[in-house]
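Q: sequence and predicted model, in that order:
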Amino acid sequence: MAHSRASTVGLGFLAVLLAPILYVALWSEVVYGGNGVWSNLQTGQRSMGWAFVDPALLLVGPLAVVIVTLMSRKKNSEVLPRIVQIELWGILISFPIAVFVLFMTVSIF
Amino acid sequence: MERGGARETTMFMRSGIVEVLVAGLLLTLAYFGISNVQAVARMNCCFPPGLEALPGIQSKPNSLQFTPFELNRSQPQLFFYHQRIKFVGAEVASDGPDVISVNPIDRFTWAAVALGVDGHCYATLTALDPQAPGNGQQYYARFRLHSVCKGAVASVDNVRLTQLTEGLG
């Protein structure tokens, strides 16, 4: 019983800790990915290849979160483990992309 | 039986919490994403891209670098904006996005203006810290419709926006 309570507290702590990381990763991905789409369509610096790649980069993280949410619905009925699972998958996919788009943006300026 | 029904309802509500949280997260992201795209679209609408592509903050400034003669020769914007630009002096008005009127105020401060496709005159000003030229700030402005679009009108007093999207909408 004590063990269960401890693991619940641990999962709760992990969920709270991961939430801002996931949010920042998704935010960077969406906002900088969105900027990239426009930049690549601008006159004088048009790049149709990147104009298709950027929306894909923008959508991968949010789509991963949606897919894991739907897939975990039946498998994981407990709230906290499910939230942590969604956050971990979201971070795993969106964080490297966020770092990549941030690096691309910083290297441009 | 009733207890079983109550448990199912609790389970349903519990799983619903996760969906609500995820939906809230994605809606917030969508809001930021859409407002950002709108802001960038406004910026891309009319801010002359050649102005944005001019060289900004640098650690070894050279006042000669920002004369129309040198800029016409070096075409520094070509790195980002693949179109040639005509640079004119501070007293000559810009009559389009690809005609930039430059004003090398001093060694550490220079401004440039160009007429946007919406008829507004847009300006950019780079101000370096004389003690540490590598530190500096880029400023932007959009002047009133039909204002004279000459580099000479751009100064530290009227080119003060720190972000391209701020107040240009």
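A: Now that the structure is in, tell me what you want to look at.

Q: CA atoms only: put the helix or strand harbouring B:Q138 into PDB for me.
A: Mapping B:Q138 onto the secondary structure by DSSP states H and E places it in strand B:132-142. Written as PDB, here are the backbone C-alpha positions of strand B:132-142 (Å, rounded to 0.1, in the frame of the first residue of the first chain):
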ATOM      1  CA  ALA B 132      31.500  46.300 -27.500                       C
ATOM      2  CA  PRO B 133      30.400  46.500 -31.100                       C
ATOM      3  CA  GLY B 134      29.500  42.800 -31.100                       C
ATOM      4  CA  ASN B 135      26.600  43.800 -28.800                       C
ATOM      5  CA  GLY B 136      23.900  45.700 -30.400                       C
ATOM      6  CA  GLN B 137      20.200  45.900 -31.300                       C
ATOM      7  CA  GLN B 138      18.200  45.800 -34.500                       C
ATOM      8  CA  TYR B 139      15.200  48.100 -34.600                       C
ATOM      9  CA  TYR B 140      12.300  48.300 -37.000                       C
ATOM     10  CA  ALA B 141       9.600  50.800 -37.900                       C
ATOM     11  CA  ARG B 142       6.800  51.400 -40.300                       C
END
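
Q: can I assume A:P55 sits in a helix?
A: Yes - when classified by DSSP: H, G, I helix; E, B strand; the rest coil, A:P55 is found to be part of a helix.

Q: coming back round to it: hmm, the strand holding B:Q138 in reach of chain A?
A: No - in this structure, strand B:132-142 remains apart from chain A according to Cβ under 8 Å from any Cβ of the partner chain; the gap is never smaller than 9.6 Å. C-beta coordinates here come from the backbone N, C-alpha and C atoms, glycine included.

Q: chain center to that strand, what's the gap?
A: Relative to its chain's centre, strand B:132-142 lies at 12 Å (Cα atoms, centre = their mean, to the nearest Å).

Q: tell me the mean pLDDT for that strand?
A: When pLDDT is averaged along strand B:132-142, the result is 84.

Q: flag every buried residue along that strand.
A: The neighbour-count criterion (16 or more other Cβ atoms under 10 Å in any protein chain shown) identifies B:G136, B:Q138, B:Y139, B:Y140, B:A141, B:R142 as the buried residues of strand B:132-142.

Q: over to stretch A:58-72?
A: The neighbour-count check on stretch A:58-72 (16+ other Cβ under 10 Å) flags A:L58, A:V60, A:G61, A:P62, A:A64, A:V65, A:V66, A:V68, A:T69, A:S72 as buried.

Q: now do the helix or strand where B:I34 lies, average pLDDT.
A: Mapping B:I34 onto the secondary structure by DSSP H and E places it in helix B:2-46. Across helix B:2-46, pLDDT averages out at 76.

Q: repeat for stretch B:72-90
A: 86.

Q: related to what we said a few turns ago, which among the buried residues of strand B:132-142 gets closest to chain A?
A: B:Q138 (9.6 Å; Cβ to the nearest Cβ).

Q: so the nearest residue to the closest one once chain neighbours are set aside, which of the three states?
A: For B:Q138, ignoring the flanking residues on the chain, the nearest one in space by Cβ to Cβ, 6 or more residues apart in numbering or on different chains is B:G56 at 5.1 Å. Reduced to three states with three-state DSSP, the structure at B:G56 is coil.

Q: from what I can see B:G56 touches B:L125, true?
A: No - the pair B:G56 and B:L125 fails to qualify as a contact (Cβ atoms under 8 Å) at a distance of 10.2 Å.

Q: can you list the domain ranges for chain B.
A: Residue ranges for the structural domains of chain B, counted by automatic domain parsing, are given in the record as B:1-44, B:48-153.

Q: which one of those is the most hemmed in?
A: Most buried of those by mean neighbour count (mean count of other Cβ atoms under 10 Å in any protein chain shown) is domain B:48-153; its value is a mean of 18.
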